[in-house]
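Chemist: Sharing a model that was predicted from the sequence below.
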Amino acid sequence: VDRAPAIFWTTDRDFRVTPGVGAGLTGLGLAPGQMVGTPFGEYLGTDDPRHPVLAALHSALAGEPAGYELAWAGKAYQGRVEALRDERGAIVGVVGMALDLTEARRSSLVERALLRISEESGRARDLSSFFAALHGIVGELMYARNFYLALLDDAGETLSFPDFVDERDEAPEPRPLGRGLTEYVLRT
């Protein structure tokens, strides 16, 4: 549990966190036990019962297991909650887990982008249209308003920049290899 990219917790009937464990806590800057006694709504920054997590908690407290998806604190979570019952079967709180899907979703986005790049390489009419498509695909994954592609000639002596977009600088002319950042990337 301490290594799983997830958070496991229980609450009382007032949705105050009792224990909370899992590697997902550290991703949120929390330590196990740090949330004990804290109302869930306080941690989420809202008491709105329509919030996906709070709505799921209310359902679980009513005896209906519930799931939710949530983009929060720069991460993507999928969660499930259900009633926590005592030895007599009475509902005394909620037990839940939230799986951090951030890395899996990022990997999936990158995988789809690589597939699209591969498809574009066979579909492009010329290098210029391929480079423009590549720039667009990269721009869907990250900030790409300062972006360039560098090509090293067959002799390994000259760099050219067939696709160069920068908010301040103009595209450089082809140049011999030197000691710049592009050359550093090539060397390492």
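Modeler: Looks like it arrived, so ask away.
Chemist: can we go C-alpha only for contacts and neighbour counts from here?
Modeler: Noted.
Chemist: from memory Pro19 sits against Leu25, does it?
Modeler: No. The criterion here is C-alpha atoms under 8 Å, and Pro19 misses it with Leu25 at 11.7 Å.
Chemist: Mind giving me the packing neighbours of the worst-scoring helix or strand of the chain on mean pLDDT?
Modeler: Least confident helix or strand of the chain, by mean pLDDT, DSSP states H and E, is helix 24-27 with a mean of 72. Other elements packing on helix 24-27 under the criterion 3 or more C-alpha pairs under 8 Å, 6 or more residues apart in numbering; DSSP states H and E are strand 6-12.
Chemist: Quickly list what's touching both of Pro19 and Leu25.
Modeler: Pro32 (C-alpha atoms under 8 Å, 6 or more residues apart in numbering).
Chemist: rewinding a little: pull the residues that contact the least confident helix or strand of the chain.
Modeler: Residues contacting helix 24-27 (C-alpha under 8 Å, 6+ apart): 4-7, 31-32, 99-100.
Chemist: Can you name the element that comes right after it?
Modeler: Note on helix 24-27: by DSSP states H and E, the next helix or strand toward the C-terminus is helix 40-44.
Chemist: Contacts for that following helix next, please.
Modeler: 15-17, 47-48, 54.
Chemist: list the buried ones in the least confident helix or strand of the chain?
Modeler: Neighbour-count burial for helix 24-27 flags 24-25, 27 (criterion: 16 or more other C-alpha atoms under 10 Å).
Chemist: ok, the most centrally placed residue in the chain - contacts?
Modeler: A centroid search over the chain (C-alpha atoms, centre = their mean) returns Thr102, at 3.4 Å, as the residue closest to the centre. Listed by C-alpha under 8 Å, 6+ apart, the contact set of Thr102 reads 75-77.
Chemist: let's go with 10 Å and repeat that
Modeler: Residues near Thr102 by C-alpha atoms under 10 Å, 6 or more residues apart in numbering: 5, 71, 74-78, 108.
Chemist: of the residues you listed, closest to Leu61?
Modeler: When those are compared for distance to Leu61 (C-alpha to C-alpha), Gln78 wins out at 18.8 Å.
Chemist: Wait, the closest one touches Tyr68, no?
Modeler: Yes. Contact criterion C-alpha atoms under 10 Å: Gln78 and Tyr68 qualify, at 5.8 Å.
Chemist: any common contacting residues for the two?
Modeler: With C-alpha under 10 Å, 6+ apart, Gln78 and Tyr68 have common neighbours 53, 98.
Chemist: before we move on, what SS does the spatially closest residue to Gly67 that is not a sequence neighbour have?
Modeler: Nearest residue to Gly67 in three dimensions, chain neighbours excluded: Arg80, at 4.2 Å (C-alpha to C-alpha, 6 or more residues apart in numbering). At Arg80, secondary structure determined by DSSP: H, G, I helix; E, B strand; the rest coil is strand.
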